[in-house]
Each structure stands twice: as structure tokens, then as C-alpha cells.
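> 3D, please:
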Amino acid sequence: MSIFSLLRQLNAAFPGKELARHQQWVEGASSTDGSGEVDHAELVKEYYEICTEFMVFGWSESLHFAPLSPRLSLEESQIRHQRSIIESLELEAGMQVIDVGCGIGGPMRRVAREAGVHVLGVNINEHQLNRAKALNEEAEIGHMVDYLGASFMDMSAIADGTFDRGYAIESTCHAPDKEGAFAEIFRVLKPGALFWGQEMCMTDVFDPGDSRHQEIKAELKRGIALREIATTGEVDRALEAVGFELVEGQDQGLAQPGASTPWYQPMLSYRGTRRGSVSRSPLGRQALLAGARLAEWLRILPDGSASVISMMDRTARAYVAGGQTGIFTPLYCFLARKPL
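Got it, this is the predicted structure:
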């Protein structure tokens, strides 16, 4: 996304002070202790309401992490990752597939176009769904996609055993109840269906007794609007508790020396990937923040834009800290099957 596209999208979505109002609500809600006083589904909805366009500008239309390579750009690594999902799910033309928490449809467009399947995108956020619809029409795959505006915790509009395959990319990490989310996905899949997921997790390196580890975890929860961050083992146990058979589970964020780049590298430096982006680096984010403050003063950007960028810069630093210490991964990838 260009800076001009960002300006157009923001001013269309947030006239006047609307963005500032959203951002203040999210910052206040995400600073609570997770005791249940906050409607978490509403928090996540508002979080993506204010952050989506900035995420697309700074990252890509595919709002997810991917295993990185020094030979590939971030976007090329995301494409490679999406193709590995298609392969893992053994997709065949004509299948009915559910995209749980579809964002603005980056992976969906590749899945539909390259696998020739029909996809239902589920998303609680109306702004993201509208962006997905527009981008899918632009990509000429609108006829291959349907949409459901709903929480994946309650997809009662979908009948039992509807889909041949399903995937959830960095979405069920937002579930207030992991088993509840997986149970609902299990319900809408056909017997024998495969389900692929990518979770944000604490690793075995995380030490609950280490104050620095707890500080990083708290920053991640706050910055990504997560109620809790599960361990990889907790994800596996939640899948099996609702009836899934775990086919495989792997932290794909572990870098192989000389062959791969750490998943957090784009937020640390523009080096490490082909065609690295300075705007994702700490210096680039600070320059963007300064520019946003000036643009707000000139009334080019909606009020609150700089605060959102500042919040996302803080989150990027928490991602880097989580990656460098090894206590956090956004790339715990699993494949599970609903028994026949």
C-alpha cells in the first residue's frame, strides 16, 4: 500500500476525531488484567478497526508472519508460506473451505485462485470484511468467496459438517476460550476434514518466574489485544480435547543458521530479507511517527493516527524482544484432522 492509499483509506474510515476515540478505548481496555470486565470480542474488533490500514501499509495485505529467507522478500516468503498451507491441506478444486478470521483476505485470494476452491471468510470486523470484498472483486475472485460477519466463537449460521477443509492464520490466538473456538471449528468441518492453524504462543523457553519474561509477555498481550498467550502444548491439548487428531505441530519460527532469517528481523532492521523495507525498521517507524504528527497538525491524517503508530511501534519492539529471548513465536503451525 502506498502512502496515498493509506491516506485515502484512513480518511474514508475515520472522519474527524473518530480514530482517536477508537484508539483511546482500545488502549484503556487492553491495559486491564483480563479479569473478564472487558468484552474481549469487542476489544479485538476495535483493535483491528484502528490498526488494519496501518498494518497493511507497514506489512502487506497478508497480515501474518511467515518463515523468512535471505533470498526472498517478506511478501515472497508469505506467498511461499501460503502455498505450503495449500499443500498441507491437500486442497482439490471444488472443495468448500472455511477461512477462520480472514482479515482482509490476503491468504484467501491465493487459496481460492491457486487451489480452485470456494472459500467462506469469517470475520467479526466489518471494516476488514468490506476491504476483503473490494480486494477480492479487484482480483476477480469474488465469485469464489462468501463472507460471514460473526465471531468464530459462535458460527451458528453454519450447519454442522459443512466444510471439506479449514484454516485459521493468527486468529484463534484471540479466542477467549481456546477449546471453545476449536470446538466450533470442529463442528462445521466434515468428518475426515483437515484443519491447519497458525498460533501465537509462548515457547518452552518462557519462565513464569522471570520478571523480564513476564514484562515482554504483558507488552505482547497489550499490543496484540490478546487475553492470554497459550503455550504450544496448550494449543495441542485444546485441539485434542474437542476431538481433533493432531497430525503435526511445529514452531516454524525457529531460524536455521545460514538458511533462514528470524521471523522478527523486518522489525529490527531492513537487512535479512531481499528488498527489505526501511519503513518496518525502528528508524523507519520513528520517521513515520514524526510524519504522522505533522500530518495530523496539517489535518491530512485523522486525529489519533500518531498515537496508533506509536502503539504499533511499541508492539513491534515487544515482538522483537519476544523473538530475541526465544520466549515467543507467532509461527506455531499445526495440522489436525476431524476423525471419520
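> alpha carbons only for contacts and neighbour counts from here, please
Noted.
> was I right to think E179 contacts L239?
Yes. Applying C-alpha atoms under 8 Å as the test, E179 and L239 come out as touching, 6.9 Å apart.
> mind checking which of these two has more residues around it?
The neighbour count for E179 versus L239, taken as other C-alpha atoms under 10 Å, is higher for L239 (24 against 20).
> what strand or helix carries the more buried one?
Under the criterion of DSSP states H and E, L239 resides in helix 232-241.
> and for P70?
Assigned by DSSP H and E, P70 falls outside every helix and strand.
> sorry, back to before: extract the C-alpha set from the helix holding L239 and format it as CSV.
The C-alpha trace of helix 232-241 is given here as CSV (Å, rounded to 0.1, in the frame of the first residue of the first chain):
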residue,chain,number,x,y,z
THR,A,232,2.3,-24.8,22.2
GLY,A,233,1.4,-27.6,24.5
GLU,A,234,-1.8,-25.9,25.5
VAL,A,235,-2.8,-25.5,21.8
ASP,A,236,-2.2,-29.2,21.2
ARG,A,237,-4.2,-30.2,24.2
ALA,A,238,-7.1,-27.9,23.3
LEU,A,239,-7.3,-29.4,19.8
GLU,A,240,-7.3,-33.0,21.1
ALA,A,241,-9.8,-32.1,23.9
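> packing partners of it?
helix 178-188, strand 245-251 (3 or more C-alpha pairs under 8 Å, 6 or more residues apart in numbering; DSSP states H and E).
> now with 10 Å, please.
In terms of contacts (3 or more C-alpha pairs under 10 Å, 6 or more residues apart in numbering; DSSP states H and E), helix 232-241 is packed against helix 178-188, strand 189-202, strand 245-251, strand 328-337.
> kindly reformat the ones you listed as CSV containing mean pLDDT.
Formatted as CSV, these follow (pLDDT from 0 to 100):
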stretch, mean pLDDT
helix 178-188, 98
strand 189-202, 98
strand 245-251, 97
strand 328-337, 98
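> out of those, flag the one nearest Q82.
Q82 sits nearest to strand 189-202 of all the helices and strands packed on helix 232-241, at 11.1 Å, using C-alpha to C-alpha.
> what's the angle from that closest one to helix 232-241?
Here strand 189-202 runs at an angle of 160 degrees relative to helix 232-241 (axes from the mean of the first three to the mean of the last three C-alpha atoms, to 10 degrees).
> after the one helix or strand K45 maps to, next one along is what?
Applying DSSP H and E as the criterion places K45 in helix 40-58. Counting by DSSP H and E, the next helix or strand C-terminal to helix 40-58 is helix 74-89.
> what's the offset of that next one from the middle of its chain?
Centroid separation for helix 74-89 versus its chain: 15 Å, with C-alpha atoms, centre = their mean, to the nearest Å.
> quick one: W59 from L74, how far?
From W59 across to L74, the span is 8 Å (C-alpha to C-alpha, to the nearest Å).
> so where's the stretch 151-300 of the chain uncertain?
256-259 (pLDDT under 70).
> look up phi and psi at the closest residue in space to E61 that isn't next to it in sequence.
Take E61 and drop its neighbours on the chain: the residue closest to it by C-alpha to C-alpha, 6 or more residues apart in numbering is G106, 5.3 Å away. Main-chain torsions, G106, degrees, to the nearest 10: phi -60, psi -60.
> G106 touches H81, doesn't it?
No. The criterion here is C-alpha atoms under 10 Å, and G106 misses it with H81 at 11.9 Å.
> quick revisit: tally of neighbours for the residue nearest to E61?
Neighbourhood size, G106 [other C-alpha under 10 Å]: 20.
> next, the contact list for it, please.
When contacts are counted by C-alpha atoms under 10 Å, 6 or more residues apart in numbering, G106 touches S60, E61, S62, L63, H64, Q78, I79, Q82, A132, L135, N136.
> any idea how far the fourth one lies from L254?
Think L63. 20 Å.
> ok, now the first one?
Applying C-alpha to C-alpha, the value for S60 to L254 is 22 Å.
> CA atoms only: put the strand or helix carrying M108 into PDB for me.
Taking DSSP H and E as the definition, M108 sits inside helix 106-115. Output of helix 106-115 as PDB, limited to C-alpha atoms (Å, rounded to 0.1, in the frame of the first residue of the first chain):
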ATOM      1  CA  GLY A 106      -4.600 -11.900   1.600                       C
ATOM      2  CA  PRO A 107      -4.200 -15.700   2.100                       C
ATOM      3  CA  MET A 108      -7.800 -16.300   0.900                       C
ATOM      4  CA  ARG A 109      -7.100 -14.800  -2.500                       C
ATOM      5  CA  ARG A 110      -4.200 -17.200  -3.000                       C
ATOM      6  CA  VAL A 111      -6.100 -20.200  -1.700                       C
ATOM      7  CA  ALA A 112      -9.100 -19.600  -3.900                       C
ATOM      8  CA  ARG A 113      -7.200 -18.700  -7.100                       C
ATOM      9  CA  GLU A 114      -4.400 -21.300  -6.900                       C
ATOM     10  CA  ALA A 115      -6.400 -24.200  -5.500                       C
END
